[in-house]
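[1] would you be able to build a 3D model of this:
(one chain, ligands or ions: 1)
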Amino acid sequence: MALREPAQASRIGVMGGTFDPIHLAHLIAAESVRDGFHLHRVLFIPAGTPPHKTGRRVSPAARRLAMVRLAISSNPGFEVSTIETDRPGASYTVDTVRSLRREFGPETKLYFITGADAVLEILSWKDPFEIFNHCELVAVTRPGYDAVALDRMVATMAGSGGVVHRLAIPEVSISSSEIRKRVKERRSIRYLVPDAVGEYIWRTGLYQD
Ligand code: NAP
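    Here you go, the predicted model:
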């Protein structure tokens, strides 16, 4: 018989990202996982200094954080965490999930939400196997993702005790880089980002140089 989780155990999603800027596909991913995995809440965690983006300019953390706050304000199931923007140095996921585990204790189930492409890179992240000690991963589908490579990754991780779930979500091919490009060309980003985020981008001049 399957063991039931303690009634009080909470289930928390962790949506990490550079969010430069946050867009509707991020929100669809987080809401799909919140709903599909019966999560109590999803924490959006903007990276302070993304370790994998050293070659390119990333907008200041305060700006990216402000856009995340605007984007999630209408969803009571979403919260923002400044754990990575407050921490000096590179924002390694392993350090974040270790801190969350300490904060929430052993009974809480943590689900780290990533795009299917990002999860394929996880073995190149810092201490990937420790990440799996603290949380399960949910890989959400995105247009053009490599389903065969993802299956292989799920099997590889299962062999070493890591759990990677796949979740099919409504797929939209929005990307932060496409939004930055559109803004630079003074083209519309309406319906790609929440209205408040669009207004923030145009008002503050982000991505326009
Ligand atoms: P991002 O570009 O802001 O995107 C956030 C997440 O949303 C990513 O998992 C991304 O997956 C997904 N996503 C974006 N557009 C999507 C779409 N249209 N449909 C479905 N999913 C979509 O963030 P990121 O720079 O990839 O970083 C993701 C997380 O991984 C962050 O928490 C970062 O710190 C962490 N990370 C950690 C390390 C490390 O610890 N060494 C290294 C790399 C990344 P895709 O990538 O598949 O687009």
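[2] only C-alpha atoms from now on, for both contacts and neighbour counts.
    Fine.
[3] run through the residues that contact the closest residue to residue 58 other than its chain neighbours.
    Nearest residue to residue 58, sequence neighbours excluded (Cα to Cα, 6 or more residues apart in numbering): residue 20, at 7.1 Å. Neighbour list for residue 20: 58-59, 64, 176-177 [criterion: Cα atoms under 8 Å, 6 or more residues apart in numbering].
[4] spatially, which two of these are the most separated?
    64 and 177 (13.9 Å; Cα to Cα).
[5] which parts of this structure are strands?
    Assigned by DSSP state E, the strands in the chain fall at 11-17, 41-46, 78-80, 109-115, 136-140, 164-167.
[6] what sits up against the fifth one?
    Which is strand 136-140. Contacts of strand 136-140 (Cα under 8 Å, 6+ apart): 29, 33, 110-116, 119, 162-169.
[7] number of residues surrounding residue 149?
    13 (other Cα atoms under 10 Å).
[8] can you list the weak-confidence ranges in this protein?
    For the chain, the stretches with pLDDT under 70 are 1-9.
[9] follow-up on the earlier one: export the strands of the chain to JSON lines and tack on mean neighbour count and distance to the ligand?
    Shown next, in JSON lines, are these (neighbours: other Cα atoms under 10 Å; distance: least, Cα to the nearest ligand atom, whole Å):
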{"stretch": "strand 11-17", "mean neighbour count": "23", "distance to the ligand": "3"}
{"stretch": "strand 41-46", "mean neighbour count": "24", "distance to the ligand": "7"}
{"stretch": "strand 78-80", "mean neighbour count": "19", "distance to the ligand": "13"}
{"stretch": "strand 109-115", "mean neighbour count": "23", "distance to the ligand": "3"}
{"stretch": "strand 136-140", "mean neighbour count": "23", "distance to the ligand": "6"}
{"stretch": "strand 164-167", "mean neighbour count": "18", "distance to the ligand": "10"}
